[in-house]
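Undergrad: let's see this in three dimensions:
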Amino acid sequence: MTTPGSPAGSPAVPVGRLQGPIGLVGLGLIGGSLALDLQRQGHGVRALVHRPATAERARQRGLAQVVDTDASVLAGCRLVVLALPLDRLLQPPAELVAALPPQAVVTDVGSVKVPVLERWRRLHPRFVASHPMAGTADAGVEAGRADLFRGRPWVATPAVDTEPEALAVVRALAESVGACWLTCAAEAHDRAVALISHLPVLVSAGLLLAAERGAAAAAPTCDLPQLVRLLASSGFADTTRVGGGNPELGVLMARCNREAVAEALVAYRASLDDLERRLLASDWDGLQAELERCRRLRPEFL
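TA: Below you'll find the model as predicted:
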């Protein structure tokens with residue numbers, strides 16, 4: 001893994017490598033946010049979207065200078081960002097692949113890299129697999145917002161045959177929107193995001209389901225289902241945010257990174273089992289020691 005790069009302001013490659021026009025395929029949270037940041041910097045942005053209604057709303061929001069449902073809108077683009085869901089990345093429409101300019105650098109923003117890299121390195125000679133680690137619970141054409149990527153990691157997972165100049169262009173894109181650049185192997189990326197991105201979605205969902213089922217199992221004389229909803233505050237909101245997000249995205253992440261997510265769940269279950277043993281044994285010193293360890297660990301992850 002490379003040492004993380006700096007945010008925009010001291011880029012390691014000239015931002016001049018980022019030449020327009022820039023094409024965006026998809027204007028959801030990631031694509032729309034990129035579009036806003038790139039236009040603010042003076043870049044020409046062309047966007048391809050799936051539905052006419054999405055195109056109309058994107059025009060109203062000013063997400064790109066040109067928005068169309070016809071893949072020919074990408075003609076002449078020097079860089080194309082595939083801001084698509086994982087299923088469409090892995091099974092891209094033939095008309096999209098055919099419309100990509102041969103000399104353009106093409107990158108993606110998918111949260112799983114091994115299958116995407118294996119698929120796209122055969123489809124386009126200048127493909128670079130990448131993943132900006134930024135997001136919110138919002139989705140769709142209304143979700144894009146400026147400065148989403150500032151200070152956040154943007155990781156690339158180049159293959160041995162990835163063109164260095166193409167990689168430099170994607171780095172320039174990441175650093176131009178304020179992201180912190182790093183690279184690693186695709187396999188390492190997928191194992192890492194399973195632990196710190198995909199696992200939290202399932203853990204968060206499990207917490208929500210436990211609260212619902214635990215309350216429903218209470219004695220009928222106690223209106224616990226209503227009470228837990230009334231008492232839920234910031235702590236519960238923080239720990240369940242990702243579990244209450246887009247369910248399609250959660251399933252796609254789990255499906256496309258199944259083995260690594262399963263390994264992460266085993267590790268999480270072992271941690272829960274250990275905490276449960278300390279609880280049942282009234283091992284309060286041991287429990288405190290573990291919580292103290294967690295307090296020290298958390299800043300390393302944030």
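Undergrad: low-confidence ranges, the stretch 1-150 of the chain, go.
TA: 1-16 (pLDDT under 70).
Undergrad: now the helices: where do they sit in it?
TA: Listed in chain order, the helices of the stretch 1-150 of the chain (DSSP state H, counting those that start in this stretch) span 29-40, 52-61, 86-90, 94-99, 114-120.
Undergrad: to residue 105, which of the ones you listed lies closest?
TA: Smallest distance to residue 105 across the helices of the stretch 1-150 of the chain (Cβ to Cβ): 12.0 Å, for helix 114-120. Any C-beta I mention is one placed from the backbone N, CA and C, and that applies to glycine too.
Undergrad: what are the buried residues along that closest one?
TA: Using 16 or more other Cβ atoms under 10 Å as the test for burial, helix 114-120 gives 114, 115, 116, 117, 119, 120.
Undergrad: which of the residues you listed lies closest to residue 199?
TA: Lowest distance from residue 199 to the buried residues of helix 114-120 (Cβ to Cβ) belongs to residue 114, with 17.1 Å.
Undergrad: my read is that that closest one contacts residue 188, right?
TA: No: with contact defined as Cβ atoms under 8 Å, residue 114 does not count as touching residue 188 (9.9 Å).
Undergrad: which residue is the nearest non-sequential neighbour of residue 93?
TA: residue 71 (7.9 Å; Cβ to Cβ, 6 or more residues apart in numbering).
Undergrad: could I get the longest helix along the chain in CSV with only the CA atoms?
TA: Assignment by DSSP state H gives helix 258-280 as the longest helix of the chain. Output in CSV follows, covering the C-alpha atoms of helix 258-280 (Å, rounded to 0.1, in the frame of the first residue of the first chain):
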residue,chain,number,x,y,z
ARG,A,258,-19.4,-12.1,0.0
GLU,A,259,-16.3,-14.0,1.3
ALA,A,260,-14.7,-11.0,2.9
VAL,A,261,-17.9,-9.9,4.5
ALA,A,262,-18.5,-13.4,5.9
GLU,A,263,-15.0,-13.3,7.4
ALA,A,264,-15.7,-9.9,8.9
LEU,A,265,-18.9,-11.3,10.5
VAL,A,266,-17.0,-14.2,12.1
ALA,A,267,-14.6,-11.7,13.6
TYR,A,268,-17.5,-9.5,14.9
ARG,A,269,-19.3,-12.5,16.3
ALA,A,270,-16.2,-13.5,18.2
SER,A,271,-15.9,-10.0,19.7
LEU,A,272,-19.5,-10.1,20.8
ASP,A,273,-19.1,-13.6,22.3
ASP,A,274,-16.1,-12.3,24.3
LEU,A,275,-18.1,-9.3,25.6
GLU,A,276,-21.0,-11.5,26.4
ARG,A,277,-18.8,-13.9,28.4
ARG,A,278,-17.5,-11.1,30.5
LEU,A,279,-21.0,-9.8,31.1
LEU,A,280,-22.4,-13.2,32.2
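Undergrad: chain center to it: distance?
TA: 24 Å (Cα atoms, centre = their mean, to the nearest Å).
Undergrad: how about low-confidence regions in the stretch 151-300 of the chain?
TA: Checking the stretch 151-300 of the chain against pLDDT under 70 turns up 219-221.
Undergrad: repeat that with 80
TA: 218-222 (pLDDT under 80).
Undergrad: quick one: the strands in it?
TA: Remark: strands assigned in the stretch 151-300 of the chain by DSSP state E, counting those that start in this stretch are 153-156, 180-183.
Undergrad: kindly report the same for the stretch 1-150 of the chain.
TA: Here the stretch 1-150 of the chain has its strands, by DSSP E, counting those that start in this stretch, at 22-25, 45-48, 66-68, 79-82, 105-108, 127-128, 130-132.
Undergrad: need the ones you listed in a markdown table with mean neighbour count, can you?
TA: Listed next are the strands of the stretch 1-150 of the chain as a markdown table, based on neighbours: other Cβ atoms under 10 Å:
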| stretch | mean neighbour count |
| --- | --- |
| strand 22-25 | 28 |
| strand 45-48 | 26 |
| strand 66-68 | 19 |
| strand 79-82 | 26 |
| strand 105-108 | 27 |
| strand 127-128 | 27 |
| strand 130-132 | 25 |
